[in-house]
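Visitor: Give me a model of this one.
(one chain, ligands or ions: 1)
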Amino acid sequence: MTDDNTIDGINYGPLAGLVGTWEGNRGMDIAPEPDAVEKNPYYETITFEAIGDVTNAEKQVLAVIRYQQIVTRKSNDQVFHDQTGYWMWDADTGVVMYSLSIPRAVTLIAGGDATPSDKGIIIKVAAALGDPDWGIVQSPFMRDSASSTKFSLEMTLNGDQLAYAQSTLLDIYGQSSFDHIDRNKLTRC
Ligand code: HEM
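Guide: Model (predicted):
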C-alpha cells in the first residue's frame with residue numbers, strides 16, 4: 001500500500017489499511033440457547049485481499065476487498081463460525097458496503113461509511129430485514145425458526161490494530177430481538 005491508499009494502481013480509500021492477515025485471541029461471542037445465553041470466548045483469523053475494482057452500469061466504480069473470517073472456540077479449539085464476503089468502497093459517494101455469507105443460509109449486504117477519528121478510521125455498516133437499501137436474505141427455515149432481523153458492525157482500524165463490535169438481532173426460541181453480539185481485537189500478522 002502507498003500513502004495515498006493505492007494498491008496496484010487502485011484506490012481503496014479507507015479500506016486500504018485492511019489488506020493483510022489479522023489474528024486476535026480476545027474474542028467474545030454472546031449467542032442464543034433455548035433456555036440460556038451462551039458466552040463463547042474465541043480466537044480468529046481474518047484475511048483481507050485487495051482484488052481490484054468493478055464497474056456497475058458503466059457508472060459506479062467500486063474498489064473491492066475480499067475477506068474470510070475463521071473463528072475458533074477457545075474451550076475446544078473447534079471452528080464454530082466461518083464467514084466470507086467483500087468490503088466495497090465507492091469513491092464518488094464515500095459509501096462503504098459490506099457483504100457477508102455464513103453457512104447457516106444467511107447472507108446480507110450492509111451499507112455505511114468510514115470516518116477518521118483520533119482512535120483511527122471508524123467504519124460503520126448496517127442492514128435490516130426488509131430494508132430496501134441494505135438487506136438480509138435467509139433461507140425459509142431460518143426465516144421461520146431463527147430469523148436475523150437487524151445487523152450492525154463498527155470497526156476501528158488503527159495501523160496494525162483492528163477492533164470490531166457487531167450485533168445481530170435474532171428472533172429465535174420464542175424470543176424477539178435476541179442480541180447476538182461478537183467483538184474482538186486483532187493485530188496484523
Ligand atoms: C464472530 C462471529 C460469530 C460467531 C462466533 C457466532 C457464533 C454463534 C453461535 C455459537 C451460535 C449458537 C448456535 C451454535 O452453537 O452454533 C450462533 C447462532 C446464530 N448466529 Fe452466529 N456467530 C457469529 C456471527 C453471526 C452473524 C454475522 C450472523 C448473521 C448475520 C449470525 C447468525 C446467527 C444465527 C441466525 C444463529 C441462530 C442459529 C441457531 O442457534 O440455531 N451469526 N452464532
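Visitor: just so I have it, where are all the helices in this structure?
Guide: 140-145 (DSSP state H).
Visitor: quick one: low-confidence parts of this structure?
Guide: 1-2 (pLDDT under 70).
Visitor: who's sitting farthest from the centroid in the chain?
Guide: Asp35 (27.9 Å; Cα atoms, centre = their mean).
Visitor: Kindly list the main-chain dihedrals of it?
Guide: phi -120, psi 20 (degrees, to the nearest 10).
Visitor: who touches it in this structure?
Guide: Tyr173 (Cβ atoms under 8 Å, 6 or more residues apart in numbering). No exception for glycine: its C-beta is placed from N, CA and C like everyone else's.
Visitor: Now do it against the ligand, distance only.
Guide: Per Cβ to the nearest ligand atom, to the nearest Å, Asp35 is found 13 Å from the ligand.
Visitor: Same check on Arg188?
Guide: 18 Å.
Visitor: what's around that residue, how many residues?
Guide: Close neighbours of Arg188, defined as other Cβ atoms under 10 Å, add up to 15.
Visitor: can you give me the strands for this protein?
Guide: 6-7, 10-11, 20-32, 37-56, 60-73, 79-90, 96-102, 106-117, 120-128, 136-138, 146-158, 161-172, 175-188 (DSSP state E).
Visitor: contacting residues for the residue nearest to Thr84 when sequence neighbours are not counted?
Guide: Among residues not flanking Thr84 along the chain, Gln68 sits closest, at 4.9 Å (Cβ to Cβ, 6 or more residues apart in numbering). Going by Cβ under 8 Å, 6+ apart, Gln68 touches Ile46, Thr47, Asp82, Gln83, Thr84.
Visitor: List the beta-bridge partners for Gln68.
Guide: Thr47, Thr84 (DSSP bridges).
Visitor: same question, Gln161
Guide: Beta-bridge partners, per DSSP bridges, of Gln161: Asn158, Thr187.
Visitor: Okay, it and Ile7: tell me how far apart.
Guide: 20 Å (Cβ to Cβ, to the nearest Å).
Visitor: cool, Asp35 as well?
Guide: Applying Cβ to Cβ to Asp35 and Ile7 gives a distance of 49 Å.
Visitor: what about the nearest residue to Leu157 once chain neighbours are set aside, how many neighbours?
Guide: Nearest residue to Leu157 in three dimensions, chain neighbours excluded: Ile121, at 4.6 Å (Cβ to Cβ, 6+ apart). A total of 19 residues lie near Ile121 under the criterion other Cβ under 10 Å.
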